[in-house]
Every structure is written in structure tokens, then in C-alpha cells.
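Colleague: how would this look folded up:
(chains A and B)
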Amino acid sequence: MSVLTVNLKHLYQRRGLWLFYVILVLFALAGIAVLFEDAKAGQGRFIGLIVLAFVVGLLLPVLQIEVLSKPFSYCLPGHKRMVRKFVFCVGIVFNIFGSLLFFVYPDLNAGQLLLVVCSAFFAGLISYLLGAGLVFTARNSVAFIGFLPLIIVAGGFFDLHTVLERVIIENPLVVISVGILTGCVVWFWLGDEGRARRYCNNVPWVGFDWNPARMKKIIRIRMAGKWDKLNKYPSPRMERFFLGRMNRCDYVSAGRYIWGALYAAAVVPVLQWKSILSIVILMSFFLGYMGPAATFIFFFMPIIVVMNMRLPVHSSMMISGGRKERFAGTITAVAIAAVPISAVAVAMVALSMLFRAIVPEFTLREVTFTYRAISAGNLFIPLLIIPFAFAIRLIFYRKPIYVISLLMFVIYLMVFTGIVWHEQFSDMINLISIIALMILGWGSFLLVLRYVCMRRSLAGDG
Amino acid sequence: MNNEEPIIQMRKVCKRFGKIRALDEVDLEIYQGRIVGLLGANGAGKSTLLRHIIGLYLEDEGECVTFGCEAQNLGPAELVRIGYVHQEGELLDWMTVRQLVRYVSTYYPNWNRELEEKYVEDFGISTKVRVGSLSPGQRQRLAILLAIGFEPELLILDEPAAALDPVARAQFLDLLLQIIQTENRTIIISSHILSDVEKVIDHAVIMKEGRILLDTGFDELRERFSQVRISALSKELPDELPFENVVHCKRSDGQAILTVQDCPREKLQEQAKSLDCWVEIETLSLEEIYKIVVSS
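Modeller: Numbering: from 1, shown residues only, chains lettered A, B, ... in the order given. This next block holds a predicted model:
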């Protein structure tokens, strides 16, 4: 088995990537369906390939950084130049399949089609190599995926997709030449042996690494130098307050652990109140222009908090609390999460009402943007999502990828159901049904937490 | 046999993780005042066993009792008597070292401030820095400090020296020797660095694939295994050497090195007299004993 084959096997051996493959296939199928249904020329519908190539370029070459970081791979003969072979192998294969789609491009003869397919291949390769280039230059390239929706929306708004499609169709020789040139430059650039030295023994964050212990280690290493720069310490008054409250409770009472959990969970958000407030103001401003799509943020905000929160139930920091005390501490921590999330949601709705009075309507490229206040009906969403998300996290705490996949699936299902059966459901959504759902959600969470605390193993790494 | 009640009792404890049998019918009794070395390869079940003792893991079968209480029901009353250090333990990174020590100490009624100050000085830990900024070695020292600051009756150390450099390891060993001098303190130490462990333990438990292969006093263990070096004085060594229970034999150029099990030193000396050879009998190091036990 060749060294390249061994490296390519990582593409399926890394299970965290499977979720990405599912999403990729779904997007690709949706794009292909649109093309086969109505393949119109000049509307930029074929540019999905370029976008997907960029995403693949941002994600898959990261695997090589992980390989390079292993000291043994530095010493393997011929391995230092494996990066470019891997990167090009993946890029070429992906873009060969992607460019075949251009065979359905309308109004072209056989010769033109062949040229356009070659042009599309190289356009895809350029896009892919741009993503791969970011992987090896930026500190955390995977984070760029977060900006992708913004780029797509902005690109659509300025008709970049039609421009790009026109360039591929009308100037194939130019695209092919630029593609070959880019390929050569990147080939030599990736062959730099110094790269292996730079990454050797570093601990990279590869973006789809869902091993909780490894993620903790990586976060700890990454944060090591940053804590002191934050320059935010809990004030002595704050410390005295919490420790004082703890000391008022008996050593064997749950009160000491509840105050302790409150201290451990509440101080960091309190210290970062200015950053949180800035984000809330900015979000309220932009969400008002997004219309009903603003609802999404009320689904995702709790999930981001839930995924990143430290829960006393699985804490490996040994204090004198037993299983019952972990139960009490975890309820406290979850309540601490629910209160500020709800407060942030209320603040966003209130601010959007305020902004509605002062933010003007504007028109850009014949589209009128009107600021609308965020519906107060969204406020119940975090309170429904939080217990559900925590329950899922408790059940699959060793498998964060299951938690994310399941939560995303449920959210998309809820949003999809809301869109398709909006009229049927709108009659059912009232205060009583919402309160009933909340009681059900929080009750289920408490049952799951109780079960986990009393009947499951509580240490992280088996 | 010890007449006292053991502080830890494990009876037929089994634990599975999927298809892996992490603990397989483990029977173990640990008495107060013992310094127990828990030895075994990676994946032998050492950490799993220790986590059962403090109730973090629940047994699938069997029973685990610590301080007279079922491990899964351990509460603050029992846990304030137990200190636990393990590799890469979680700490609150946003606190300063001083704040974390204060925070943890609030959970323990018998926290010893003088001892805390002494260890802070001995370990060279700066109390003003953020916990998140500490190196792995410093974090481990802090974790050790947090586990011993309240002078626990039972101290459980799961690979405590793994992240420490040689100097810090030596300091840690000195510290352990100091702690041991406190009467009736029980320590369970799991480590790969057997040369360190053998300096402090008085009892050894050797594990392999979730089973306890050997559970005995360290002195008894050392007496059970001997190494006999034989050098021919005038002629060649006989083809058959008159020793019993030989577990390993290496011969070369008129010399032989035998490893002998369960044969008292006096008997070995008597058997050696029949040979016209120079014979030297030595005790084995823990590492050598461990290799023999595990390979047999």
C-alpha cells in the first residue's frame, strides 16, 4: 500500500467527516436536481460546483496538518512531500466529477462543451486550491466556513455567480491557463519541506475532531497563552460573595455545591458582559433586516451555549461532592445558562422594537430593505430548546458529533415543519401549548439528569 | 490476615465498555495505612478500578465499598476524606491559582493553610497566574496540591507524575515520602514509572486485561523472586543446574543468570553449595518482577 493510499484512507477513517459528507451530498444533490430540471444558461446555476470545491478545499486538506503534526510522520521517508500529492489528488478527483455537470449546459455544441468542461474543471480546481491555501496559511481555516453563507448571499446580491459562469463559458482558454498556472504555483508551494517542520509536534484543531478529551486538550493548549491577555479576573468582592455564600452552608448540604456551581458557571459570562452586550446590539440590528429568518438565531444561540458549557455532572475536577451534589450543581449550571440566554433573547426583541423607530428603510439594487422588529413569539424558543439540548448532550456526552447531528436534524425538522404546515400549526400554538411543551421539556431533562447522575458512569475518558 | 476492616472492598467487580471487559471479577481489599502500588500496562484497568473506588464509575456486577459506604452513594462526608489526582484533570482555567485553591478549599472543613503555603513554595507555583496559563507540569503540581491540601485519609494517585519533569518528579517523590510518614494515611498510586513506585509502596497489585494477577505485600513479593548469578570457577557449568522453580535462564561462557520464583534464599544457597562455582543471589527490582508476573 502506498503512502498516498494510507493518507487517502483518512478521508473515511475520520468519522467526524461523515457528517460533512452527508451535508455535501445533500447540497450536491439539490444543485444537480435544479440543473437537470431546468438547465438555463447565464443564470449562474452551475456555480454551485465552485462553492462546493472551495468548501472541500477548506476542510479536507486539514487532515494533512494533523498528519504533519505527528513527529513520526516527519521522519517517514518521502512523507514531507505527501501534502501536495494528497491535496491535488482530492482536488482533481472532486473537480473531475463536478465539472462533468457542465455537459448538461444548454446551447453548446460538442467541441464547445468539451472546452467548457475543461474550463469548469480548472475553475473548480482554482476555487479548491484557494480553500487549501487558506488551510496552510490561516490559523483556523475551518472558521471560514462560518462566513460562507455571507459570501454566498453577497455574491448572489452582486450577481457574482452569473459573472463567474460567463467567464467559464466565454473564456475557457483563459480559465484553463490560469488554472494550470495556479496549479503549478500551489504544487511548488506545498512542496516546501519547511512546512513539515513548522507543524511537527503542534496540536492542530482539525475542525471535525469530536473526541472530547482531545478537544479539551487542544482548547487548553490554544487558550494557554490567551488567558492572561484577557485581563479579566473576578473581583475580590465577587469571590468573597460566592465563597461567603458557600461557607454559610453546611459541608454536607447541597447548598454549598449549588453556590459553588453558581460561582463556576456565572463568573465568566459576567466578566464578558461588555462583549455580550455588543453582540446583542449588533445582532438586533442585523436580524431586523432578515425578516422571518431571524427566528434561526433563537434556535442556534442556546445550542452554541449548551455545546460549550462545562457541566458539573461530568467534571473531572475532584471536589467533595458525590452524585447527589453533582445533580444539584448541574441543575444550577443549567439554570445559569437559561437565565442569560432568555435575557439576551428579551434584550434582542426589545432592542429591535427600539431600532424599528429609528433605523431607516433603504434600497439597494432595486431591493428595499425594511427593518422589522423581531417577533416576541420567538422568546419561548430558547426555553424549549435548552432542556432538550442539555438532555441530548447528557445522553451522548461521549459523542459530541451525535449531539450536534441530532440537534441540527431536529431544528431543521421544526423549521421545515413550521414552513410547510404553518397554517395548520399556527392554530395550535398558544400560551397553554407552549407552557405544556416547556413543562414536558424541562421535566424530561430533569429525569435524564437524575438518571445520568445516579445510574451512569460520570468520568469522561473511558 | 489483617484484623481491621478494610477501607476499600471490591467483590467480583465487573465493568464493560462495549465489548471491552475493563474489569473482570476484581476482588480487592485495601487496609488503612497501606501504600499500594497499582501496576499494569495501558488498558489494564487501573484507572477504571480507581474510578470505581471513588464512585465515578458504576460496576456492572459485584460490589465496591469505600469507607463502609457503597461507592456509588459516596457523599461529602466520605469524599472529604479522599484525595484524587489523575492525568490531565480538569481545572477552572479562568481562575488564578490562588482563587482556585480558595475555591476548592471551601469544600473541605479540614483544609490546612500552612500545608498549602508550604507546598506552594516547594512546588514553585505562582499563585497570581491564571490556571489556564500553567504548563502541563505546573497544572499537575497544582492538582496534587489540591488533592493533598486537606490531608486526606485516602489519597488516590492515578499516574500523578506522568506530566512532571525529572526534577519535579523527584520533588513529588519526596513529598510522597513525607505524606507517608503521617500515620494511617492510605495511598494508592498507579504509575508506569516503577522505579519511583518501588521506593514508596508496601503493597503491590498487578493488573492485566482487567484482572488482578497479583495482590501481595511488597516485601513478600521481593522475597518470592530472586536472581542467581553463577560463574564457573575452574570448569564448565553443568548442563543441568540444581535449582527449582526457575522461570528464566540465560547462559553464556561459563556464566548463567537464573531467575527463580518461590524459593527461599537459604534453600538457594544450599543448592548452590553443590556447585563448584561462584554464586551470587540478588533480589529483583520491581520492574523485573513486574515483567515476570505479567509475562507468566
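
Colleague: When you work out contacts or count neighbours from here on, use the C-alpha atoms and nothing else.
Modeller: Noted.

Colleague: pLDDT below threshold where in chain A?
Modeller: Residues of chain A meeting the criterion pLDDT under 70: A:1, A:39, A:201, A:203-214, A:216-233, A:422, A:460-462.

Colleague: Can you show me the helices along chain B?
Modeller: Counting by DSSP state H, residue ranges of the helices within chain B are B:46-53, B:76-79, B:97-105, B:113-123, B:136-148, B:166-180, B:194-197, B:218-224, B:265-273, B:286-295.

Colleague: Generate CSV for those, with mean neighbour count as supplementary columns.
Modeller: Shown next, in CSV, are these (neighbours: other Cα atoms under 10 Å in any protein chain shown):
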stretch, mean neighbour count
helix B:46-53, 23
helix B:76-79, 20
helix B:97-105, 20
helix B:113-123, 15
helix B:136-148, 22
helix B:166-180, 15
helix B:194-197, 17
helix B:218-224, 16
helix B:265-273, 14
helix B:286-295, 15
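
Colleague: So for residue A:48, which of those sits nearest?
Modeller: Shortest separation from residue A:48 across the helices of chain B is recorded for helix B:136-148, at 45.9 Å, computed as Cα to Cα.

Colleague: average model confidence for that closest one?
Modeller: Summarised as a single mean, pLDDT over helix B:136-148 is 89.

Colleague: Test my guess that residue B:95 contacts residue B:127.
Modeller: No: proximity of residue B:95 to residue B:127 does not meet the contact threshold set by Cα atoms under 8 Å, at 10.2 Å.

Colleague: Looking at the two, which is more packed in?
Modeller: Applying other Cα atoms under 10 Å in any protein chain shown to residue B:95 and residue B:127 shows that residue B:95 carries more neighbours, namely 23 against 16.

Colleague: Show the pLDDT at the more buried one.
Modeller: For residue B:95, the model assigns a pLDDT of 88.

Colleague: next one: residue B:254
Modeller: In the prediction, the pLDDT value recorded for residue B:254 is 77.

Colleague: dump the residue contacts of it.
Modeller: In this structure, residue B:254 makes contact with B:231-232, B:235-237, judged by Cα atoms under 8 Å, 6 or more residues apart in numbering or on different chains.

Colleague: In terms of distance to chain A, which of the residues you listed ranks first?
Modeller: Closest approach between those and chain A, by Cα to the nearest Cα: residue B:231, at 43.9 Å.

Colleague: Burial check on the closest residue in space to the closest one that isn't next to it in sequence, number of neighbours?
Modeller: Distances taken as Cα to Cα, 6 or more residues apart in numbering or on different chains put residue B:255 closest to residue B:231, at 4.5 Å, once the chain neighbours are dropped. For residue B:255, the count of nearby residues is 17 (other Cα under 10 Å).

Colleague: Show me the domain layout of chain B.
Modeller: For chain B, automatic domain parsing gives the domain ranges B:8-209, B:223-295.

Colleague: Can the first one be said to contact chain A?
Modeller: Read that as domain B:8-209. Yes: using Cα under 8 Å from any Cα of the partner chain, domain B:8-209 reaches chain A at B:17, B:48, B:51, B:55-58, B:72-77, B:79-80, B:83-85, B:89-96, B:99, B:103-104, B:106-109, B:129-130, B:132-135.

Colleague: Ends of that domain, what's the gap?
Modeller: Start and end residues of domain B:8-209 are separated by 21 Å (Cα to Cα, to the nearest Å).

Colleague: How about the shortest one?
Modeller: Taking Cα to Cα, domain B:223-295 runs 19 Å from one end to the other.

Colleague: what's the spacing between the residue most central in space within chain B and chain A?
Modeller: Among the residues of chain B, residue B:37 comes closest to the average C-alpha position under Cα atoms, centre = their mean, at 2.0 Å. Separation of residue B:37 from chain A (Cα to the nearest Cα, to the nearest Å): 21 Å.

Colleague: So that residue sits against residue B:196, correct?
Modeller: No: contact criterion Cα under 8 Å: residue B:37 and residue B:196 do not qualify, at 10.3 Å.

Colleague: quick one on the thing from earlier: look up the residues forming beta bridges with the residue nearest to residue B:231.
Modeller: Listed by DSSP bridges, the beta-bridge partners for residue B:255 are residue B:231, residue B:252.

Colleague: so what's it up against?
Modeller: With contacts defined as Cα under 8 Å, 6+ apart, the neighbours of residue B:255 are B:229-232, B:237.

Colleague: now do residue B:52
Modeller: Listed by Cα under 8 Å, 6+ apart, the contact set of residue B:52 reads B:58-59, B:64, B:71.

Colleague: Enumerate every residue touching residue A:330.
Modeller: Residue A:330 makes contact with A:261, A:311-313 under the criterion Cα under 8 Å, 6+ apart.

Colleague: which of these sit farthest apart?
Modeller: A:261 and A:313 (10.4 Å).

Colleague: Between those two, which contacts overlap?
Modeller: With contacts defined as Cα under 8 Å, 6+ apart, the residues adjacent to both residue A:261 and residue A:313 are A:329-330.

Colleague: quick revisit: who wins for most neighbours among the contacts of residue B:254?
Modeller: In terms of neighbours by other Cα under 10 Å, the contacts of residue B:254 top out with residue B:231 at 22 neighbours.

Colleague: Find me the pLDDT at that residue, would you?
Modeller: With respect to pLDDT, residue B:231 scores 82.

Colleague: same deal with residue B:156?
Modeller: According to the predicted model, the pLDDT of residue B:156 comes to 95.

Colleague: That one contacts residue B:84, correct?
Modeller: Yes: under the criterion of Cα under 8 Å, residue B:156 is in contact with residue B:84, at a separation of 4.7 Å.

Colleague: Pull the contacting residues for residue 86.
Modeller: Picking chain A for this. Counting by Cα under 8 Å, 6+ apart, the residues that residue A:86 touches are A:4, A:7-8, A:61, A:64.

Colleague: The intended chain is chain B.
Modeller: The contact partners of residue B:86, by Cα under 8 Å, 6+ apart, come to B:157-160.

Colleague: Show me which of those are buried.
Modeller: Among these, those scoring as buried are B:157-160 (criterion: 16 or more other Cα atoms under 10 Å in any protein chain shown).
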